[in-house]
Structures are given as structure tokens and as C-alpha cells.
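Peer 1: Just to be clear, the model below is a prediction. Sequence and coordinates:
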Amino acid sequence: MNSKATPRVVIVGAGFGGLNAAQALARESVSITVIDRKNHHTFQPLLYQVATAGLSPGEIAAPIRSILSHHKNVEVLLAEVTGFGLDRRIVQTPDQEIPYDYLIVAAGATHAYFGHDDWEPYAPGLKTIEDALEIRRRVLLAFELAERQAAAGEISRPLNFVVVGGGATGVELAGTLAEISRHALAHDFRSIDPRRTHILLVEGGTRVLPAYPEDLSRSAEEQLRLLGVEVRTSTMVTRIEPGVVLVGETRLSAAVILWAAGVAASPLGKKLGTPVDRAGRVLVQPDLSLPGHPEVFVIGDLASLKDETGKMLPGVAPVAIQQGRFVAKLIRQELESPPASARRVQATPEIAHRAGFHYWNKGSLATIGRAAAVADFGKIHISGFLAWLAWLFVHILFLIGFRNRLLVFIQWAWSYVTFERGARLITGSTHLPGWTGLAPEAPRPDEEQEIPAAASK
Ligand SMILES: Cc1cc2nc3c(=O)[nH]c(=O)nc-3n(C[C@H](O)[C@H](O)[C@H](O)COP(=O)(O)OP(=O)(O)OC[C@H]3O[C@@H](n4cnc5c(N)ncnc54)[C@H](O)[C@@H]3O)c2cc1C
């Protein structure tokens, strides 16, 4: 128990779940400590725009400290949480132990390479601003290296981009890559023709967007094809090497490989010491608390909870947001209820009276590219331009900060009219895996080249 009179709520992670919990609790008489290993909150649904040079990092991320600055009872600590002492009610970081009365763990998810972590250097995933910048670097660099090679009179390798995983992230990455190679970059090179870039989307299941109704999956596949993406479903990637994707025994040459095939819960979930599911998500009670620890909540992508029909809640922002607000409300009610009116948290809060969390699903939207998207509003399914408009509206509305909303709106309006992508900066190394020196590593004779090289004009 915290010795101070004011109860202390510690929130681990300032993503969608943690930030909403903090904001919903901030007006109460509690002392809130938000701990995150990054100094910024990232609007992950727009990461692909940074990865494909449409937006800059500052337009989709904001400092956690400034988002919460007007709440005087909220402190923000930049620190990596390394563990917990649930019996002593402390959160561990490398240099201190932070006591709590209530704990909310919202550490999110990370990439999963299904036991093949060695593939990560050759096929980065998209989860953080750093990931997005690395993908942007590789994509833009591939065009530059192909241009340099062609300008030197060498026969360049096919400019193939392979996206592994046909979920929402894979679909939006593939669609946008096709769009920029056909439009934004089309006239900027002299020795190669970026329009001949080959974008391949590989999905192990039978359809893309498996979480959506079948008609929308079919529509998404069709819209991808219209944008110039080759879609291969029921296709398992068996190995990834520098510049090569193996599908069964077939070797596909790839200038850039992107991983969008799997997510796993943050490893922090296991440190709580209570049961987790196969994806490492913490099995929580209906009120999102930990079994045996009603003062500890796990929310968002890190929590494993089924809805009333027995279906697992999806790892999406609205679930995390609603759970953050739900838990804040529970804590608020308990602090206001008679046993806690003395402003002290009971050693064993009664949870029998707590309501269970209910997810209000307002619909799902996935973008595919310019004027291409799908929207699932229960009985109403929309595809194409209308769905894209809905997607645009929702994503601008939920961006953190008025400045960002305005900037992103202007950027999108500008690039819609001009086809331009303004953030085409290559930063960091000019090395691309599978590409050594001026020439790429020579392809093996058994490598499938997909399409002719991003050929000389
Ligand atoms: C590329 C991409 C696109 C997406 N698109 C959509 C979409 O279009 N629509 C949608 O609804 N959802 C989308 N999602 C999913 C959505 O972003 C997540 O469901 C949501 O972010 C989950 O919120 P969260 O609070 O659980 O975790 P997160 O938002 O991931 O936040 C976790 C926070 O915890 C911090 N953290 C992690 N470990 C530690 C540690 N050890 N110590 C301290 N801090 C730590 C992280 O830095 C981070 O700030 C997308 C996700 C990705 C990656």
C-alpha cells in the first residue's frame, strides 16, 4: 500500500490503452505515474504512411509529456519497465522500484516471426516510428541503387518488393508501395522506370484481410490488383535470406522484403507471472483484472479476453481505448465508494460487484491505397472510394492534437491532387540487405526473377 494519502495509479505504456486510462483518471484525486520506454505516443494506424514517405514522424506521433502536461497530478517517466513485484505492489525499472495502489499494464504487442527471429534483419516489421523510418529507407534506397546500377550500364536485378502477410498492415503497405512506384516516383528517375516495380503480397491463408467478411476480402484483393499488386494467397513463406524470400522450394528475388505476418504480445505480459495465451497475451478476468490481483489490470493488445459470444477481442485501437476508459471508471468508482472514501485502497478490493468489460464494435476499416479501402459496419459493407473517405475521416478525427489533424489533412489533400509524397528522405545507412557494393549479390540461377528488371528506359 502506498504510504501517501492520495492513491497512486501506475500506468505502464502510453499507447491507446494507457493514454486513455490516464486521461480518463486525470481529473480524479489520484496521483498518476505513466511510464513508457518512448517519449512519444504513436498513432500506429498511420505508421504505413511514414514507411511510404507520405507523412513525417512528427505528424503521427506526439510527446506523451505534452499530451498530459495540463494534468498536474500526472507524472510521466521515460523508462523501460523490466518486471513487477505484485506482492509488494511495485513496478521495476532498471534504476528504481515504483510503488502503486492500482496498476494498469498496457504494453501492447510486438512482431512475431514464428520462431524465426533471424529473418527480422532482412524483413523488418512495422510497429514503431523507428521501424517505419527503416522501411522508408529501404524502399527509397532500392530505387536509388537500381538507378545507379542502370546508370553505370549494369544489368539490374528486378525491382521486386515482397510484403509477407495479407492482414490490414500488409494490404496497406502493398497498395501504397504500388501507388508510389506508379505515380509519385514515376517521372523522377532517368535510367529506370519505377512503374515496372513488382509488388508481391504473400498470404499464408486463403484470403487477404481474414478478419473481414469474405466479400470485403475479395474486394480488397481486386482493388490491390487494380493498383498493380500481385496477390498470392495460400502461400507459405518457408525462409527469408538477404534479398530472397523462399516460398516452398521457390526462391523469389526481392530488393525489399517487409514483414506483416504476425504479432505477439509484449514480453512484459509473462513477467506478471499469471497465465498467458499462445500469443503471450495475459488471460484477464471479465473486468480486465489479473486473477488474484484485483488491483492490477491488463488492457489493450496485451490482454486476452473473449466477448460475450466467445470470440477473442481483436488487437485494435478501439478495444484498447475502450478498455483504458473502462478500467479508469472502475478505479474511479472504487475510490468514490464508501469503503474507499477514506481515500485508501482496500488491501483486497472486492471485485464481485464489478461489471465486466463490453466491447462496442463500431465497425472496421482497412485502407488499400488511393481511393481504395474496405469498411465493415456489421450488415453494411462498403468498398472503394466511399470506404476510403470514411477511413480518412476516422483517422484524421482520432489523431492526437489539432495541429497534427490539420497538417495531415493538408498533406493528404495535397498528395491526392498532385500524387506527390513529401517525406522522401533517406536517412541512416545506404546498405540494403542482399545488395553489395554497386551491384546486388548475383542471383542464383534457380531464383525466380518475377518480372524483367526495373528496366532501362
Ligand atoms: C502498423 C499498424 C497499423 C495498425 N492499424 C490499425 C488500424 O488501422 N485500426 C486499428 O484500430 N488498429 C490498428 N492497429 C492496432 C492498434 O494500433 C493497436 O491495437 C493499439 O495500438 C493497441 O494499443 P495498446 O495501448 O494496447 O498498445 P500500444 O498502442 O502498442 O502501446 C504500448 C505502449 O507501451 C510501451 N511499452 C511497451 N513495452 C514497454 C516497457 N517494457 N516499458 C515501458 N513501456 C513499454 C510502448 O512504447 C507503447 O507506447 C495497427 C497497429 C499497427 C502496428
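Peer 2: Received the coordinates, thanks.

Peer 1: Name the residues of stretch 234-254 that are buried.
Peer 2: Neighbour-count burial for stretch 234-254, with 16 or more other C-beta atoms under 10 Å as criterion, is recorded at 235, 237, 240-245, 247, 251-254. Backbone N, C-alpha and C define where each C-beta goes, glycine included.

Peer 1: Go through those residues and say which is closest to Ile321.
Peer 2: Each of these was checked against Ile321 using C-beta to C-beta; the closest is Val237, at 32.9 Å.

Peer 1: Identify the residue spatially nearest to that closest one, adjacent ones excluded.
Peer 2: Nearest in space to Val237, with sequence neighbours left out and distances taken as C-beta to C-beta, 6 or more residues apart in numbering, is Val164 at 5.3 Å.

Peer 1: And Pro433, by the same measure?
Peer 2: The nearest residue in space to Pro433 (C-beta to C-beta, 6+ apart) is Pro242, at 4.1 Å.

Peer 1: Would you agree the one you found is in contact with Gly434?
Peer 2: Yes. Distance between Pro242 and Gly434: 3.9 Å, which falls inside the contact criterion (C-beta atoms under 8 Å).

Peer 1: what's next to whichever strand or helix holds Leu173, contact-wise?
Peer 2: Taking DSSP states H and E as the criterion, Leu173 maps to helix 168-179. Residues lying outside helix 168-179 but in contact with it, judged by C-beta atoms under 8 Å, 6 or more residues apart in numbering, are 48-49, 51-52, 54, 126, 135, 139, 161, 163-164, 197, 199-201, 203, 208-209, 211, 220, 223-224, 227-229, 231, 258, 260-261, 366-370, 372.

Peer 1: Which ones among the buried residues of stretch 234-254 also lie next to the ligand?
Peer 2: Restricting these to those near the ligand by C-beta under 6 Å from any ligand atom leaves nothing, as none qualifies.

Peer 1: which of these sit farthest apart?
Peer 2: In the buried residues of stretch 234-254, the most distant members under the criterion C-beta to C-beta are Thr235 and Pro242, with 20.7 Å between them.

Peer 1: and this protein, which of its residues are near the ligand?
Peer 2: 12-18, 35-38, 44-45, 47-48, 80-81, 106-108, 126-127, 168-169, 266, 268, 300-302, 315-318, 320.

Peer 1: ok, then the element right after the longest helix seen in the chain?
Peer 2: In the chain, taking DSSP state H as the definition, the longest helix is helix 129-151. Under the assignment DSSP H and E, the closest C-terminal helix or strand after helix 129-151 is strand 160-164.

Peer 1: Partner strands of that following strand, with direction?
Peer 2: Strand 160-164 has its sheet partners listed here by DSSP bridges as strand 198-202 (parallel), strand 256-259 (parallel).

Peer 1: that older thread, tell me the contacts of the residue nearest to Val237?
Peer 2: Val164 is in contact with 123, 170, 202, 237, 240, 245, 257-261, counting by C-beta under 8 Å, 6+ apart.

Peer 1: In the stretch 251-400 of the chain, where is pLDDT below threshold?
Peer 2: Along the stretch 251-400 of the chain, segments meeting pLDDT under 70 span 338-352.

Peer 1: which residues in the stretch 151-300 of the chain form strands?
Peer 2: Ranges of strands within the stretch 151-300 of the chain are 160-164, 198-202, 229-232, 237-241, 244-247, 250-253, 256-259, 263-265, 282-283, 289-290, 293-298, based on DSSP state E, counting those that start in this stretch.

Peer 1: Please tell me how far Phe84 sits from the ligand.
Peer 2: In this structure, Phe84 lies at 11 Å from the ligand, with C-beta to the nearest ligand atom, to the nearest Å as the measure.

Peer 1: hang on, that residue is in a strand, isn't it?
Peer 2: Yes. The secondary structure assignment for Phe84 places it in a strand, going by DSSP: H, G, I helix; E, B strand; the rest coil.

Peer 1: what helix or strand does the nearest residue in space to Glu308 that is not next to it in sequence sit in?
Peer 2: What sits nearest to Glu308 in space, not counting adjacent residues and going by C-beta to C-beta, 6+ apart, is His358, at 7.3 Å. Secondary structure here is read from DSSP H and E; on that basis His358 sits in neither a helix nor a strand.

Peer 1: Narrow the residues of the chain next to the ligand to those in strands?
Peer 2: Taking DSSP state E, the ones among the residues of the chain next to the ligand that sit in strands are 12, 35-36.

Peer 1: For these, please prepare TSV with the additional fields distance to Arg281 and neighbour count.
Peer 2: Written out in TSV, the entries for these read as follows (distance: C-beta to C-beta, whole Å; neighbours: other C-beta atoms under 10 Å):
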residue	distance to Arg281	neighbour count
Val12	15	28
Ile35	20	22
Asp36	19	24
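
Peer 1: could you pull out the helices for this structure?
Peer 2: Residue ranges of the helices in the chain, as given by DSSP H, are 16-25, 47-51, 57-60, 64-67, 129-151, 168-179, 214-227, 317-336, 385-398, 402-418.

Peer 1: Adding distance to Ile98 and mean neighbour count as columns, could you present those helices in a markdown table?
Peer 2: Formatted as a markdown table, the helices of the chain follow (distance: least, C-beta to C-beta, whole Å; neighbours: other C-beta atoms under 10 Å):
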| stretch | distance to Ile98 | mean neighbour count |
| --- | --- | --- |
| helix 16-25 | 14 | 26 |
| helix 47-51 | 29 | 26 |
| helix 57-60 | 29 | 20 |
| helix 64-67 | 16 | 19 |
| helix 129-151 | 26 | 21 |
| helix 168-179 | 33 | 27 |
| helix 214-227 | 44 | 19 |
| helix 317-336 | 17 | 21 |
| helix 385-398 | 30 | 16 |
| helix 402-418 | 30 | 14 |
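
Peer 1: Output these in a markdown table, with distance to Thr309 appended to each entry.
Peer 2: Listed next are these as a markdown table, based on distance: least, C-beta to C-beta, whole Å:
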| stretch | distance to Thr309 |
| --- | --- |
| helix 16-25 | 22 |
| helix 47-51 | 31 |
| helix 57-60 | 34 |
| helix 64-67 | 35 |
| helix 129-151 | 34 |
| helix 168-179 | 22 |
| helix 214-227 | 19 |
| helix 317-336 | 15 |
| helix 385-398 | 25 |
| helix 402-418 | 35 |
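
Peer 1: Lowest average pLDDT across those helices?
Peer 2: The weakest mean pLDDT among the helices of the chain belongs to helix 402-418, with a mean of 82.

Peer 1: and the closest residue in space to Gln223 that isn't next to it in sequence, what are its bridge partners?
Peer 2: Here the nearest residue to Gln223 in space, its sequence neighbours aside, is Ala372; by C-beta to C-beta, 6+ apart that works out to 4.3 Å. Using DSSP bridges, the beta-bridge partners of Ala372 come out as Gly369.
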